[in-house]
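J.: Make a model of this:
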Amino acid sequence: RSPTVVQALHAKVEELLLDISLVFVRKQLSNLPKLRVWGENKKAKGHLPTFSASPLNYITQIAEYLFSLPDQLDPSGQDDGGDGGETDHDFMHHWLSRITECIVQEYIQQILAVPSLSSSGRLQLAEDMKYLSSVLETLGSPGLESLQELLKLIEATDENFPQACVSVSSLDRNVIDKISRKRQAGLAS
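T.: Model prediction:
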C-alpha cells in the first residue's frame, strides 16, 4: 500500500474515533440554545436572599464524561499488561487534547446559537462556562483562551461591555457581534 493511502485511512479512522467520542457531548449540548433560562429575567420578589447560580445539568454531565476520559484513554490500564510509559501518556494527552478542543468549539457554537441572553441568563451561562473551564484546567487541556475570552463578554456588565469587546483579542469580530446582539435581545425581552 502506498503511504498516502495509509495516511488517508489513518486520518479517517482518527476522525471516526473523534466523532464517536463526541456523541455524548453533542447530545448534551443539542438543546442548549433552546433552554428558556437564557432569556428569562429573574427578579427577586420581596426580601428573599439571592443565591449564586449552580451549573446546569447539561454541563455537569459533560464534566462527568470529561473526568472519565483519562481512564478510558489510558492504554496502560487495559488488560494487555503493556507498560508503554511515556508513550501511553503521550497517546492519552494527544486524544484528550483533541477531544477537549472539539468540545470547546462545539460549546462555543451552541452558545452562539442561543437567541437571547438576559442578565440572569448571562449569570447562569457564566457559571456553566466557569465550571467547564475549571474542569478543563484540571485535566490540563489546552486551548481555553477562546472560552475564557467569551466568558469575559458574557460576564461584563452593560456599562463595561464595550471595554470587554476591545479586550478580547482572540475572538473573531463576528463572535463579538453575535454576543452583543444576544445581550440586546435579552434586554428587550
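J.: ok, now which ones touch residue 107?
T.: By C-beta atoms under 8 Å, 6 or more residues apart in numbering, the residues touching residue 107 are 29, 132, 147. For glycine as for every other residue, the C-beta is placed from the backbone atoms N, C-alpha and C.
J.: Residue 147 versus that one, what's the distance?
T.: To residue 147, residue 107 is 7 Å away according to C-beta to C-beta, to the nearest Å.
J.: how about the residue nearest to residue 61 when sequence neighbours are not counted, what does it touch?
T.: Closest residue in space to residue 61, ignoring its immediate chain neighbours: residue 28 at 5.2 Å, by C-beta to C-beta, 6 or more residues apart in numbering. Residues in contact with residue 28 (C-beta under 8 Å, 6+ apart) are 58-59, 61-62, 65.
J.: Nearest to residue 9, out of these: which one, please.
T.: For these, the closest approach to residue 9 (C-beta to C-beta) belongs to residue 65, at 28.0 Å.
J.: can you list contacts of the helix or strand harbouring the closest one?
T.: Assigned by DSSP states H and E, residue 65 belongs to helix 57-73. Contacts with helix 57-73, where a contact means C-beta under 8 Å, 6+ apart, come from 21, 24-25, 28-29, 31-32, 35, 55, 77, 91-92, 95-96, 99-100, 103, 128, 131-132, 135-136, 139.
J.: What of stretch 127-141?
T.: By C-beta under 8 Å, 6+ apart, stretch 127-141 touches 52-56, 58-60, 62-63, 66-67, 69-70, 93, 96-97, 100-101, 104, 107, 111, 144, 147-148, 150-151, 154.
J.: Flag every buried residue along that stretch.
T.: 127-133, 135-136, 139, 141 (16 or more other C-beta atoms under 10 Å).
J.: So which of these sit within strands?
T.: Helix and strand membership here follows DSSP state E; of those, not one is in strands.
J.: export those to TSV and tack on distance to residue 118?
T.: Output for the buried residues of stretch 127-141, formatted as TSV (distance: C-beta to C-beta, whole Å):
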residue	distance to residue 118
127	14
128	15
129	16
130	18
131	20
132	21
133	22
135	25
136	26
139	31
141	30
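J.: Can you lay out those as CSV showing pLDDT?
T.: Shown next, in CSV, are the buried residues of stretch 127-141 (pLDDT from 0 to 100):
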residue, pLDDT
127, 97
128, 98
129, 97
130, 97
131, 97
132, 97
133, 96
135, 96
136, 96
139, 92
141, 88
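J.: Closest one of those residues to residue 162?
T.: residue 129 (20.6 Å).
J.: Which ones among the contacts of residue 107 map onto helices?
T.: Assigned to helices by DSSP state H, the following of these qualify: 29, 132, 147.
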